[in-house]
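Chemist: Here is a sequence with its predicted model. Questions after.
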Amino acid sequence: MSVTAQPQGPTHPFPWVGLVTLALAIFVSVTTEFLPTGLLPEMAREYQVSESQVGLLVTIFAATVVISTTPLAALTRNFSRKTLVVVVLVVIALGAVLAAIAPSYEILVVARIIGGLAHGLFWAVVGAYAAHLVPKRQLGRAIAITASGGTAAFVLGVPVGTAVGHALGWRLAFVFMAFLIVILALLVVRYLPAVDHRVKLLTGEIPLPRRKDRSLPVVVVISVIIVALMVAQNVFYTYIAPYLIQVTGFDEAAVPGMLLLYGGAGAIGLVLAGFVADRYPRAGLLVSFALVGVSVFVLALFTNNPIVVIAMVVVWGVAFGGGPAMLQTRMLHAASARVRDTAAALQTTAFNVGIGGGALIGGILLDNFGLRTLPFADVALTVVALAFIAASDVWLRRRSRR
């Protein structure tokens, strides 16, 4: 029988086991989402389609998440959060199996749609789960732990999946991921505490529609920030494998190692974000993504220098690694308890609008102008996003004074 977890007070221990279990679930989900980025050349060759069409699989996955997350979150509002996590993990595994056996590109698209449906609901639930396990003052620490699953996906998941795909075929990489997801679903059943996510009204309190919650405008602004930053990131990162091979001259066998290097640097960035997120939420976000822009710009200028390319991949990884965790912490700090699940759904939608939109824009630029344009597009979009963050921070400060 599961024990319902309550927000931790001074006498309660920090819920390490539950948070690590969430992190592992996030690890397998994110790895499955981004696995095509590392296997893009092999998948394109087998289906005899362009690399931009394989990149479109990321867009299709993300678009499915965008369309389905909020409706599915609303439909399942009264269901057990823990049960939903288990169910969606199983469906993600089924999507990965279908991708592994897909006889055609069209069936592969269907598999990605199934995965996207489950992935959207997964994040709508998991995005707010940590906030049900810890008090607000510990959110930055808790989210840094759960977000480590996403970082680990880039450190180990995508590189290892890419290595498996190169060695044994990309289909076995998806089978391997499906197996891991099933194992994680069993761990969730055993180790993730159940939570009561419903907000109880005080005596005499009148329930207000969610659209009238005072924190909702701030949630929307943060969602727009997420979209802008993720579009900038994924316009280039989605096509990093062919860029490294065709533009910088790295051997195809070196791509998993480069992705591993990027992900390892991202782990360092996540640790730094754990210290920064609660103390300097605005400055930390601006500095980290400014470094993303600088590193990508330098990488684009010195493509013929492998040492500079490797160094900038590391800086890029460190700078971006803590970004999603800082954005998630900022979102949950801003959202009232009443709209926390809604905020998590909007956050998931925003991340996937950015991921899918970036992959789509990158594919269009790739087909029309070539791979070399992608990092410059990344930098330009990052500058626009940083300008919007600075302007929105001014608005938020004025709003808080009022």
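Modeler: Great, that's in hand.

Chemist: was I right about W123 contacting A344?
Modeler: Yes: between W123 and A344 there is a contact under Cβ atoms under 8 Å: 7.1 Å. (Each C-beta comes from the backbone N, C-alpha and C, glycine too.)

Chemist: What is the host helix or strand of A273 packed up against?
Modeler: Following DSSP states H and E, one finds A273 within helix 255-276. When contacts are defined as 3 or more Cβ pairs under 8 Å, 6 or more residues apart in numbering; DSSP states H and E, helix 255-276 packs onto helix 16-47, helix 139-152, helix 158-168, helix 240-246, helix 281-301, helix 306-321, helix 323-334.

Chemist: Rebuild the ones you listed as CSV, extending it with distance to T70.
Modeler: Below are these laid out as CSV (distance: least, Cβ to Cβ, whole Å):
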stretch, distance to T70
helix 16-47, 18
helix 139-152, 21
helix 158-168, 27
helix 240-246, 30
helix 281-301, 24
helix 306-321, 26
helix 323-334, 15
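
Chemist: and A253, which of those helices is closest to it?
Modeler: With Cβ to Cβ as the criterion, A253 lies closest to helix 158-168 of these, at 6.8 Å.

Chemist: by how many degrees do that closest one and helix 255-276 diverge?
Modeler: 170 degrees (axes from the mean of the first three to the mean of the last three Cα atoms, to 10 degrees).

Chemist: Residues touching helix 158-168, excluding its own?
Modeler: Helix 158-168 has contacts (Cβ atoms under 8 Å, 6 or more residues apart in numbering) with 31, 34-35, 37-39, 42, 172-173, 176-177, 241, 252-253, 255-257, 259-260, 263.

Chemist: What of stretch 276-284?
Modeler: So stretch 276-284 is contacted by 137, 139-141, 143-144, 273, 322, 325-326, 329-330, 333, 389, 393 (Cβ under 8 Å, 6+ apart).

Chemist: Tell me which two in those residues are the farthest apart.
Modeler: R137 and I389 (24.3 Å).

Chemist: Between the two, which is the more surrounded one?
Modeler: Each of R137 and I389 has its neighbours counted (other Cβ atoms under 10 Å); I389 has more, 20 against 9.

Chemist: for this structure, which spans come out with low pLDDT?
Modeler: Low-confidence segments of the chain (pLDDT under 70): 1-12, 196-212, 277-278, 337, 399-402.

Chemist: Could you double-check that E46 sits in contact with W170?
Modeler: Yes: contact criterion Cβ under 8 Å: E46 and W170 qualify, at 7.4 Å.

Chemist: Looking at these two, which is more packed in?
Modeler: W170 (23 against 15).

Chemist: Apart from its neighbours in sequence, what residue is nearest the more buried one?
Modeler: Distances taken as Cβ to Cβ, 6 or more residues apart in numbering put L39 closest to W170, at 4.2 Å, once the chain neighbours are dropped.

Chemist: Wait, the one you found touches A173, no?
Modeler: Yes: contact criterion Cβ under 8 Å: L39 and A173 qualify, at 6.3 Å.

Chemist: So between these two, which is more surrounded?
Modeler: A173 (28 against 24).

Chemist: ok so that one is a helix residue?
Modeler: Yes: counting by DSSP: H, G, I helix; E, B strand; the rest coil, A173 is found in a helix.

Chemist: which residues does it contact?
Modeler: Shown in contact with A173 (Cβ under 8 Å, 6+ apart): L35, L39, G161, T162, V164, G165.

Chemist: Just tell me which of the helices and strands packed on helix 255-276 ends up closest to I226.
Modeler: So among those, helix 323-334 is nearest, using Cβ to Cβ, at 5.4 Å.

Chemist: other SSEs contacting the closest one?
Modeler: Applying 3+ Cβ pairs under 8 Å, 6+ apart, we find helix 323-334 packed against helix 105-133, helix 139-152, helix 216-237, helix 255-276, helix 281-301, helix 340-369.

Chemist: coming back round to it: quick check: which of the helices and strands packed on helix 255-276 is nearest to M230?
Modeler: Distance to M230, taken as Cβ to Cβ, is lowest for helix 323-334 among the helices and strands packed on helix 255-276, at 8.5 Å.

Chemist: For the closest one, which outside residues touch it?
Modeler: So helix 323-334 is contacted by 127-128, 130-131, 136, 139-140, 143-144, 147, 150, 215, 218-219, 222-223, 225-226, 229, 269-270, 273-274, 276-278, 281, 284-285, 288-289, 292, 340, 343-344, 347, 351 (Cβ under 8 Å, 6+ apart).

Chemist: Alpha carbons of it, as CSV, please.
Modeler: Output of helix 323-334 as CSV, limited to C-alpha atoms (Å, rounded to 0.1, in the frame of the first residue of the first chain):
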residue,chain,number,x,y,z
GLY,A,323,18.8,26.3,-18.2
PRO,A,324,15.8,24.0,-18.2
ALA,A,325,16.1,23.4,-14.4
MET,A,326,16.2,27.2,-13.8
LEU,A,327,13.2,27.7,-16.0
GLN,A,328,11.2,25.0,-14.2
THR,A,329,12.2,26.4,-10.8
ARG,A,330,11.1,29.9,-11.9
MET,A,331,7.8,28.5,-13.2
LEU,A,332,6.9,26.6,-10.0
HIS,A,333,7.9,29.6,-7.8
ALA,A,334,5.7,31.8,-9.8
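
Chemist: just the angle between that helix and helix 16-47, please?
Modeler: For helix 323-334 against helix 16-47, the angle by the same axes, to 10 degrees is 130 degrees.
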